[in-house]
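Asks: Sequence and predicted structure, then a few things I'm wondering about:
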Amino acid sequence: MALNTSPLREITQEDIDTYNRDGAVCIRKVLNQEWVDILLEQAREVIVEKKDVGLLPTIPGRYMARCLPDYRKLMFEGPVAEAAGKVLQSKEIRFFFDEFFAKPPQSDAATLWHCDRMAFPVEGKMVPSLWIPLTPIVEENCLEVLAGTQNDDVPYWLFSPNARKMIKPDDRVPHPEIESRRGEPGLRFLKWEMDPGDMLVVHPWVLHYSAGYPTDDWRVAFSERVFGDDIRWAPRPDCLNIAGVSFDEMLDGEKPEGPLFPLLWSQDGRKEDDSEYPRGFATRWPKRDMGGVNEYDTFKKMNEKEDAGELSVSEKSPDHKKVGAH
């Protein structure tokens, strides 16, 4: 079977309604097995073998489409953008960046309850994470979502590399403590069993989390980040850096466009090819060991500092009893 260019099943109104209600939806059978096989092979080389394929040694889990031909092909020719556009009900989908998410066998590494909203130098809500596993996912190691929290308009303080070097501003609050609220009436904690090639569409404002990994093989997944119709530049110093584009080039209120943010899909059939999208990076560096693809230890340490009140003297988390109460 050839690599599929559209999702293997249609996006339904139920999918759209679920995303709008819960802040996440699981779309089954977005990639066929042929995609999974070729993507997983390259992912294992980077994640498990730490093979140098030209990715940044400090963050080798990001920007795969610049260096890995099959991830580049997926971005421009695969079904991911179409599936996202139809769930979001966006007329256009543009590329933002891609990254790996991986956990080793029998790992206790956990992410924190957080949302992605303030990591990105934009305003708007159409910048989801399109989270696609390449290995089987059981509920115990699936990304987990607190349904409805995409409706909480709270500018949380996220631990981006830039934010770690800053004092937290007074108007930004730490993420709420969620674990103690399991079993509370009215709250819905969502997680899924997923096959390789399924896709979670995760709202940038929804609180989500991932526990340890109880099985005997690596959990390998990747995420494509994309822009929909309502996204406009709104750079802040605590946002993620994006390779190849400076904050100076992110003009407040303007729509992201240009070679680094190609049009991948549109309702009327327009799209751009990969002729102008970068291959590699603008700088060079000496040969060095490749780092890990995720920063679980760093996040754990930063969470301990946050709990101890060491990020600022005036931080206050929102009333955790109100978070998710809709």
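Replies: That came through, no problem.

Asks: wait, residue 130 sits on residue 198?
Replies: No. Counting by Cβ atoms under 8 Å, residue 130 stays clear of residue 198, with 11.0 Å between them. Glycine gets a C-beta too; all of them are placed from N, C-alpha and C.

Asks: now the lengthiest strand in the chain: mean pLDDT?
Replies: Secondary structure of the chain per DSSP state E: the longest strand is strand 92-103. Mean per-residue pLDDT for strand 92-103: 96.

Asks: Stretch 272-289 now?
Replies: In this model, stretch 272-289 carries a mean pLDDT of 92.

Asks: Now that stretch: buried residues?
Replies: For stretch 272-289, a neighbour-count test (16 or more other Cβ atoms under 10 Å) marks 272, 274, 277 as buried.

Asks: what secondary structure does the last one sit in?
Replies: Taking DSSP: H, G, I helix; E, B strand; the rest coil as the rule, one finds residue 277 in the coil state.

Asks: close enough to count as contact, it and residue 260?
Replies: Yes. If you go by Cβ under 8 Å, residue 277 and residue 260 touch, sitting 7.2 Å apart.

Asks: so what sits against both of the two?
Replies: residue 95 (Cβ atoms under 8 Å, 6 or more residues apart in numbering).

Asks: before we move on, the earlier item: which one's more surrounded, residue 130 and residue 198?
Replies: Higher neighbour count among residue 130 and residue 198: residue 130, with 22 against 19, using other Cβ atoms under 10 Å.

Asks: The helix or strand hosting the more buried one: what's the following helix or strand?
Replies: Using DSSP states H and E, residue 130 falls within strand 129-133. Sequence-wise, the next helix or strand downstream of strand 129-133 (DSSP H and E) is strand 143-146.

Asks: helices or strands up against that following strand?
Replies: strand 189-190, strand 199-202, strand 208-210 (3 or more Cβ pairs under 8 Å, 6 or more residues apart in numbering; DSSP states H and E).

Asks: average pLDDT for it?
Replies: Model confidence over strand 143-146, given as mean pLDDT, is 96.

Asks: Equivalent analysis for stretch 42-54, please.
Replies: pLDDT averaged over stretch 42-54 gives 93.

Asks: tell me how far the ends of that stretch are from each other?
Replies: End-to-end span of stretch 42-54 (Cα to Cα, to the nearest Å): 13 Å.

Asks: ok so, going back, report the backbone C-alpha coordinates of the longest strand of the chain in PDB.
Replies: Extracted C-alpha coordinates of strand 92-103, given in PDB (Å, rounded to 0.1, in the frame of the first residue of the first chain):
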ATOM      1  CA  GLU A  92      -5.900  27.000   6.100                       C
ATOM      2  CA  ILE A  93      -3.200  25.100   8.000                       C
ATOM      3  CA  ARG A  94       0.400  26.300   8.100                       C
ATOM      4  CA  PHE A  95       3.400  24.500   9.600                       C
ATOM      5  CA  PHE A  96       5.000  25.700  12.900                       C
ATOM      6  CA  PHE A  97       7.400  23.000  14.000                       C
ATOM      7  CA  ASP A  98       7.600  19.300  14.900                       C
ATOM      8  CA  GLU A  99       9.200  17.400  17.800                       C
ATOM      9  CA  PHE A 100       9.600  13.900  19.300                       C
ATOM     10  CA  PHE A 101       8.100  12.800  22.600                       C
ATOM     11  CA  ALA A 102       9.700   9.600  23.900                       C
ATOM     12  CA  LYS A 103      10.100   7.700  27.200                       C
END
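
Asks: Give the pairing partners of whichever helix or strand comes after that strand; include direction for each.
Replies: Reading on from strand 92-103 to the C-terminus, the next helix or strand found by DSSP H and E is strand 122-123. Sheet pairing for strand 122-123, assigned by DSSP bridges, gives strand 232-233 (antiparallel).

Asks: Work out the gap between the strand it pairs with and the centre of the chain.
Replies: Distance, stretch centre to chain centre, for strand 232-233: 18 Å (Cα atoms, centre = their mean, to the nearest Å).

Asks: Same question for stretch 107-126.
Replies: Worked out by Cα atoms, centre = their mean, stretch 107-126 lies 7 Å from the chain centre.

Asks: What residues of that stretch count as buried?
Replies: For stretch 107-126, burial by neighbour count (16+ other Cβ under 10 Å) applies to 107, 109-122, 124, 126.

Asks: packing partners for the longest strand of the chain?
Replies: Where contact means 3+ Cβ pairs under 8 Å, 6+ apart, strand 92-103 is packed against helix 33-47, helix 64-67, helix 69-77, helix 80-88, strand 219-227, strand 263-266.

Asks: what's residue 153 in contact with, if anything?
Replies: Taking Cβ under 8 Å, 6+ apart as the criterion, residue 153 is in contact with residue 205.

Asks: in the stretch 201-326 of the chain, which spans are helices?
Replies: Under the criterion DSSP state H, counting those that start in this stretch, helices of the stretch 201-326 of the chain are mapped to 296-307.

Asks: low pLDDT regions in it?
Replies: Residues of the stretch 201-326 of the chain meeting the criterion pLDDT under 70: 293-326.
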